[in-house]
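[1] got a predicted structure plus its sequence, pasted below:
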Amino acid sequence: MSLADHIERIASLLRAESRTHAAELGLHPVQLDALAYLASCNRYSDTPAAVAEFLGATRGTVSQTVSALVRKGLVHKRKDSVDGRVVHCELTAAGRQALRDRPSGPVHGALRALRTSDAEQLMQLLTSVLRRAQQVSGGRTFGQCATCRFLQRTPAGLHCGVTEEPLSEGDTQLLCREHQEEDGDPQRSW
C-alpha cells in the first residue's frame, strides 16, 4: 500500500466514525462537520460563506445545513453589529455538548496511544502534506491566527492587522479565513 492509500484508509475510518456519531445525534455528516468547524473558527470566519469555503460545499448546501442546525437548537444566528447583511453562526450550549459527546473510535484511540514525540512528528508531516496540497489547489487560507502574518504583538496586546481589532491569546488558536503564513505565502493550515 502506498502512503496515499494509508491516508485514504484512515480518512475512511474517520468518516465512518463521524457518520456514526452524526446519526446518533440525528444529524447528517455535513451538519456535524459544520458544527466542528464553527467550534474551531474565530469571529471573522463564523459566517455561512466561510463554512462553505472550509467544507468545500456550495452556499446552498451550507444554508440548508445551518438552517437545520438552528432548528435543532445547535446553532444560533445573529446579524453583524457593523454590517447587518452579514450573519454570524454561533454554537449553542447544546451544539458544544454535541461535540464534547463525540465518541472516540479506533483512529482516535490509536492516535492517543502514540508517544507525544511521535504524535508531534506526525502532525508536522501531515500539516506539510496538507499545506502543499492546498497550495496547488489554490483557494482561501484557513489557519490559526498564531501563525498568521497579520498577527500584531504590541505592548498594548495582540491585534489583527486586517481588522485592527484586539485579539486574546485564545483567539490566536482559532481558525481564520484571512490567514496567511508569516512568510507571506498564503497557505492553508486546515
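    Sure, I can see it.

[2] so how far is the helix or strand of the chain at the bottom of the mean pLDDT ranking off the chain centroid?
    In the chain, no helix or strand scores lower on mean pLDDT, DSSP states H and E than helix 116-137, which sits at a mean of 81. Distance of helix 116-137 from the chain centroid (Cα atoms, centre = their mean, to the nearest Å) equals 15 Å.

[3] may I have it exported as CSV, CA atoms only?
    Taking Å, rounded to 0.1, in the frame of the first residue of the first chain, the C-alpha atoms of helix 116-137 are listed here in CSV:
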residue,chain,number,x,y,z
THR,A,116,4.0,12.6,22.4
SER,A,117,7.1,13.0,20.2
ASP,A,118,5.6,10.6,17.5
ALA,A,119,2.3,12.5,17.6
GLU,A,120,4.1,15.8,17.1
GLN,A,121,6.2,14.5,14.2
LEU,A,122,3.1,13.0,12.6
MET,A,123,1.3,16.3,13.0
GLN,A,124,4.2,18.2,11.4
LEU,A,125,4.3,15.8,8.4
LEU,A,126,0.6,15.8,7.8
THR,A,127,0.5,19.6,8.1
SER,A,128,3.2,19.8,5.5
VAL,A,129,1.4,17.5,3.1
LEU,A,130,-1.9,19.4,3.6
ARG,A,131,-0.3,22.7,3.0
ARG,A,132,1.4,21.6,-0.2
ALA,A,133,-1.8,20.0,-1.5
GLN,A,134,-3.8,23.1,-0.7
GLN,A,135,-1.2,25.4,-2.3
VAL,A,136,-1.6,23.5,-5.5
SER,A,137,-5.4,23.6,-5.4
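
[4] tell me which other helices or strands the next helix or strand after that helix touches.
    Next helix or strand after helix 116-137 toward the C-terminus (DSSP states H and E): strand 143-144. If you count contacts as 3 or more Cβ pairs under 8 Å, 6 or more residues apart in numbering; DSSP states H and E, strand 143-144 packs onto strand 175-176. For glycine as for every other residue, the C-beta is placed from the backbone atoms N, C-alpha and C.
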